[in-house]
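Asks: quick one: sequence plus predicted model below, questions after.
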Amino acid sequence: NAGVMQNPRHLVRRRGQEARLRCSPMKGHSHVYWYRQLPEEGLKFMVYLQKENIIDESGMPKERFSAEFPKEGPSILRIQQVVRGDSAAYFCASSSGNGNTIYFGEGSWLTVV
Amino acid sequence: GESVGLHLPTLSVQEGDNSIINCAYSNSASDYFIWYKQESGKGPQFIIDIRSNMDKRQGQRVTVLLNKTVKHLSLQIAATQPGDSAVYFCAEMVDYGQNFVFGPGTRLSVLP
């Protein structure tokens, strides 16, 4: 399967714990996007990264959230000290470059209890 | 018909009829648009795209129309099938090469 791979698919965390969501882009893609989706709502842009660079993080909350896309390995979306309001589906997408189609993974569902 | 639910507007169509899903976009400078289909519990799936130098593009059973004058995008699905039941999102690329902004979505419900 050469598609966008996300893991874990489902993650349960207690309030105050950390959540790490991983995304491996499609083969040949070097651009990664993270989106968040609440039930019955649309996709909200969070961050756009290229290898070792954050291009646009205008959708990221100022605190507790961070993202990286290292030279080697998957992109990581990290949420520290999770709260109930962080419960959502987090989708990663990738593309081969500026202005090209973005393709999504199957998402990671975070539940904070 | 079309109705507004708690969060997502819903379009109900009879199996075999044509569906038209509409989207108003926000930025007159946007030059690339994509329609996605999202089934429950899954990620958005690419359906069809269109660039601003075109006003119509056709795929298999789907057609996208772009009206830049009124900043309107539509997705037409011919001979709608039960498998077409899903939420459909339009996305516009804002600030070339930056990020895609998604519309609120429309739930398509296909009636037998």
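Replies: On my side now, so go ahead.
Asks: same question for stretch A:37-52, mean pLDDT?
Replies: Taken as a whole, stretch A:37-52 has a mean pLDDT of 91.
Asks: return the residues of chain A in contact with chain B.
Replies: By C-beta under 8 Å from any C-beta of the partner chain, the part of chain A that sits against chain B consists of A:4, A:6, A:33, A:35, A:40-45, A:48, A:55-56, A:58-59, A:91, A:93, A:97-99, A:101-107. Just so you know, the C-beta spots here come from the backbone N, C-alpha and C atoms, and that holds for glycine as well.
Asks: what about B:Trp35, distance to A:Leu43?
Replies: For B:Trp35, the distance to A:Leu43 under the criterion C-beta to C-beta, to the nearest Å works out to 13 Å.
Asks: which residues do the two both contact?
Replies: Residues within reach of B:Trp35 and of A:Leu43 at once, by C-beta atoms under 8 Å, 6 or more residues apart in numbering or on different chains, are B:89, B:91.
Asks: so A:Val47 is in contact with A:Tyr35, correct?
Replies: No - distance between A:Val47 and A:Tyr35: 9.1 Å, which falls outside the contact criterion (C-beta atoms under 8 Å).
Asks: the more surrounded of those two?
Replies: Set side by side, A:Val47 and A:Tyr35 give different neighbour counts by other C-beta atoms under 10 Å in any protein chain shown, the larger being at A:Tyr35 (26 against 23).
Asks: residues contacting the more buried one?
Replies: Applying C-beta under 8 Å, 6+ apart to A:Tyr35 gives the contacts A:43-46, A:90-93, B:102.
Asks: quick one: low-confidence parts of chain A?
Replies: Low-confidence segments of chain A, defined by pLDDT under 70, are located at A:1, A:98.
Asks: A:Leu110 against A:Gly85, yeah?
Replies: No - taking contact to mean C-beta under 8 Å, the distance of 10.8 Å between A:Leu110 and A:Gly85 leaves them out of contact.
Asks: ok, B:Ala24 touching B:Ser74?
Replies: No - applying C-beta under 8 Å as the test, B:Ala24 and B:Ser74 come out as separate, 10.0 Å apart.
Asks: of those two, which one has the most company?
Replies: In terms of neighbours (other C-beta under 10 Å), B:Ser74 is the more surrounded of B:Ala24 and B:Ser74; the figures are 15 against 12.
Asks: quick check: phi and psi at that one.
Replies: When read as degrees, to the nearest 10, the backbone of B:Ser74 gives phi -140, psi 150.
Asks: and B:Phe89, by the same measure?
Replies: Note on B:Phe89: backbone dihedrals following degrees, to the nearest 10 are phi -120, psi 140.
Asks: burial of it, as a residue count?
Replies: Residue crowding around B:Phe89 was assessed by other C-beta under 10 Å; the count is 24.
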